[in-house]
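# just a sequence and a predicted model for now, questions to come.
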Amino acid sequence: MSAPAAPFRCLACAIFRREIEALRASGCLDLPVEYLPSMLHMVPERLDARLEAAMAATRKEVAGAPLVLAYGDCCGHMTDYETQPGTGRTQGINCCEIVLGSEVYRRLRREGAFFLMPEWALEWRKVFVGQLGLLGPCAREFMQELHTRVVYLDTGVLPVPHATLAEAGDFLGLPVEVLPVSLDPLLASLQQAIHAAGARDAG
């Protein structure tokens with residue numbers, strides 16, 4: 001008798017933590033998940049190192065486990081990681097495309113939208129001031145050259161932080177739009193990644 005297949009595991013950016021946990025709690029997703037800090041996205045070299053180490057540790061802990069990566073194209077070696085045997089990755093260049101789906105994401109990008117996921121909306125000052133070093137008029141000029149508005153992706157996992165969003169919009173000099181977002185595209189992307197990991201493992 002052959003040994004039972006090892007259970008799937010997932011390594012995910014913590015920007016998805018609340019959304020993935022909502023899917024798990026609802027019974028739509030049966031997948032153990034380890035989350036890495038979302039701020040690693042700001043330093044791709046550190047993300048590369050942490051993700052590589054986490055993948056090695058997971059495979060050492062559960063030999064032969066197919067591995068799902070819930071990430072966009074967030075670091076230089078992501079393509080190398082996702083093409084390893086038994087590995088699949090959510091499809092999208094970043095977390096916003098993964099959550100919105102490609103068609104909606106591309107349309108809003110063409111319209112000049114700058115997206116805020118719930119986790120980063122709460123940390124917007126840390127991102128713009130602490131990580132990007134944007135202050136005062138520089139922040140406004142930079143953002144207004146590239147974007148027409150801020151779009152908050154309301155995934156339904158947290159109350160909309162209206163006061164925080166108003167503060168961020170004023171700092172950036174952009175109007176803020178709250179966009180209700182279904183978790184269906186994220187679930188479909190995770191399911192696709194599970195399928196890809198299983199297929200590569202079987203091949």
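It's in. Numbering: from 1, shown residues only.

# for Ile15, grab the count of nearby residues.
Using other C-beta atoms under 10 Å, Ile15 has 28 other residues around it. Every residue, glycine included, has its C-beta placed from N, CA and C.

# chain neighbours aside, what residue packs nearest to it?
Using C-beta to C-beta, 6 or more residues apart in numbering and skipping residues adjacent in sequence, the residue nearest Ile15 is Ser38, 4.0 Å away.

# so that neighbour sits right up against Trp120, yeah?
Yes - if you go by C-beta atoms under 8 Å, Ser38 and Trp120 touch, sitting 6.9 Å apart.

# which residues do these two both contact?
Here Ser38 and Trp120 share the contacting residues Ile15, scored by C-beta atoms under 8 Å, 6 or more residues apart in numbering.

# list the contacts for Ser189?
Residues near Ser189 by C-beta under 8 Å, 6+ apart: Thr90, Gln91, Gly92, Ile98.

# low-confidence stretches in this protein?
The model of the chain has pLDDT under 70 over residues 1-6, 130-131, 133-136, 201-203.

# strands of that one, start to end?
All strands of the chain, identified by DSSP state E, fall at 9-13, 33-36, 67-70, 87-89, 113-116, 149-154, 176-180.

# show me the domain layout of this structure.
Using automatic domain parsing, the domains assigned to the chain come out as 9-96+183-202, 101-180.
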